[in-house]
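Asks: what follows is a predicted structure for the sequence shown.
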Amino acid sequence: MKDRNDVGGYVRRVQEGTQRYAQDVLAENERLRMLVTALEGEKLLLADKARLVGELVQANEALRTLAASLETETRRLQDHAVALRADRERFETELARLQSQLDGVKDESERYSARYAEVEQQNSNLANLYVASYRLHGTLSRKEVLDTIQEIVANLIGSEEAALFELDPAAHTLKLAASFGAGPDTRRSIPLGDGLIGRAAAAGEIYVADPDAAPSEAEGERNLTACIPLVLDGRVSGAIVIYRLLPQKAGVEDVDRELFDLLATHAATALYCTKLHQELGARVGAGR
């Protein structure tokens with residue numbers, strides 16, 4: 001009886017051990033199953049990470065390629081910028097050269113224009129000189145000669161204040177023959193060698209007042225601009241005295257000096273011819 005109980009207890013213990021073992025196996029199996037599930041999840045996660053890493057590697061490679069391309073493009077642009085800078089410097093140099101050439105052309109054009117104007121002025125002056133000379137010798141009327149002298153002085157020289165003196169050889173004195181707008185202080189007679197007018201007539205040399213010098217304080221010479229001795233056959237026969245110039249006239253010019261030379265000889269000749277004509281007319285009238 002005891003042995004049967006012992007066997008039964010043993011069987012129960014075996015069954016209980018087997019049951020515990022089976023439970024342990026099931027528990028271990030469940031743990032392993034859960035571990036497998038966790039590992040599979042980890043595997044999937046690692047796969048996703050690996051895929052992401054691969055994508056990152058590809059993206060990094062693409063960025064590296066793009067960076068290399070950008071670096072190449074940057075070097076190309078830098079080289080292009082250097083070339084453009086060199087071109088700009090060359091263009092600026094060329095522009096400066098062309099500007100200098102243009103300035104030279106402008107200066108040359110201005111010189112030609114000035115020369116053309118000068119030639120035109122000379123042509124006009126020559127025409128005026130010719131007309132003045134022709135008018136002086138185109139009449140035997142003393143009045144017309146005096147009117148022509150007045151017009152030359154007023155229109156060509158630019159003065160409306162002048163006087164004509166004729167020489168009295170016996171008295172060695174210039175005597176006033178005509179006055180063109182001159183003031184009342186104009187001297188009626190001037191001895192040769194007296195004052196600027198008398199000295200110019202005595203020397204037979206044209207006198208032109210210096211615009212920078214102080215005006216003469218001598219009688220009849222305060223506004224003196226020029227004295228033109230009238231010379232005939234090497235001898236002084238009188239003088240044309242020019243006082244103030246017109247306001248728009250800045251001063252005596254080269255063409256005025258040419259007119260002075262013309263008046264010095266042609267006016268003297270014209271006045272001498274009118275004098276001879278008057279004397280001849282008087283003789284003819286007396287003979288009748």
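Replies: Sure thing, it's come through.
Asks: which of the three states applies to residue 249?
Replies: For residue 249, the assignment made with DSSP: H, G, I helix; E, B strand; the rest coil gives coil.
Asks: so what's the residue count around residue 201?
Replies: Using other C-beta atoms under 10 Å, residue 201 has 31 neighbouring residues. To be clear about C-beta, it is placed using only N, CA and C from the backbone, and glycine gets the same treatment.
Asks: that one against residue 167, yeah?
Replies: Yes - under the criterion of C-beta atoms under 8 Å, residue 201 makes contact with residue 167 at 7.3 Å.
Asks: and for the two, which residues touch both?
Replies: 174, 192, 236, 238, 239 (C-beta atoms under 8 Å, 6 or more residues apart in numbering).
Asks: tell me what the helix or strand containing residue 167 is packed against?
Replies: Using DSSP states H and E, residue 167 falls within strand 162-168. For strand 162-168, the packing partners by 3 or more C-beta pairs under 8 Å, 6 or more residues apart in numbering; DSSP states H and E come out as helix 142-151, strand 173-180, helix 195-203, strand 235-242.
Asks: mind running it again at 10 Å?
Replies: In terms of contacts (3 or more C-beta pairs under 10 Å, 6 or more residues apart in numbering; DSSP states H and E), strand 162-168 is packed against helix 142-151, strand 173-180, strand 189-191, helix 195-203, strand 226-232, strand 235-242, helix 268-287.
Asks: in contact with the closest residue to residue 240 other than its chain neighbours, which residues?
Replies: Nearest residue to residue 240, sequence neighbours excluded (C-beta to C-beta, 6 or more residues apart in numbering): residue 228, at 4.4 Å. Residues near residue 228 by C-beta atoms under 10 Å, 6 or more residues apart in numbering: 153, 157, 162, 164, 200-201, 205-208, 238-242, 257, 259-264, 267-268.
Asks: how about 8 Å then?
Replies: 206, 239, 240, 241, 242, 260, 263, 264.
Asks: now do residue 271
Replies: 142, 145, 166, 230, 237, 238.
Asks: I'd like to know which elements the helix or strand hosting residue 259 is packed against.
Replies: Following DSSP H and E, the helix or strand that holds residue 259 is helix 254-262. The contact analysis (3+ C-beta pairs under 8 Å, 6+ apart) places helix 254-262 against helix 2-137, strand 226-232.
Asks: hang on, residue 224 packs against residue 211?
Replies: No - the pair residue 224 / residue 211 is not scored as a contact, 11.9 Å apart, by C-beta under 8 Å.
Asks: so which of these two has more stuff around it?
Replies: Neighbours were counted for residue 224 and for residue 211 using other C-beta under 10 Å; residue 224 has more, 21 against 10.
Asks: pLDDT value on the more buried one, please?
Replies: If you check residue 224, the pLDDT there is 91.
Asks: and if you look at residue 285?
Replies: So residue 285 comes in at 65 (pLDDT).
Asks: so residue 239 versus residue 200, what's the distance?
Replies: 7 Å (C-beta to C-beta, to the nearest Å).
Asks: typo on my end, it should be residue 47
Replies: In terms of C-beta to C-beta, residue 47 sits 127 Å off from residue 200.
Asks: try residue 266
Replies: 18 Å.
Asks: what do you get for residue 110?
Replies: For residue 110, the distance to residue 200 - C-beta to C-beta - is 39 Å.
Asks: more neighbours, those two?
Replies: Using other C-beta under 10 Å, the more surrounded residue of residue 110 and residue 200 is residue 200, with 23 against 10.
Asks: which stretches of this structure have low pLDDT?
Replies: Applying pLDDT under 70 to the chain flags the ranges 1-5, 122, 125, 184, 285-288.
Asks: from the centroid of it, which residue is nearest?
Replies: When C-alpha atoms, centre = their mean is applied to the chain, the residue found nearest the centroid is residue 103 (8.6 Å).
Asks: check contacts around that residue.
Replies: Contacts of residue 103 (C-beta under 8 Å, 6+ apart): none.
Asks: tally up the residues packed near residue 220, please.
Replies: 21.
Asks: just say helix, strand or coil for the residue nearest to it when sequence neighbours are not counted.
Replies: In space, and not counting its chain neighbours, residue 220 is closest to residue 187: 3.9 Å by C-beta to C-beta, 6+ apart. Assigned with three-state DSSP, residue 187 falls in the coil class.
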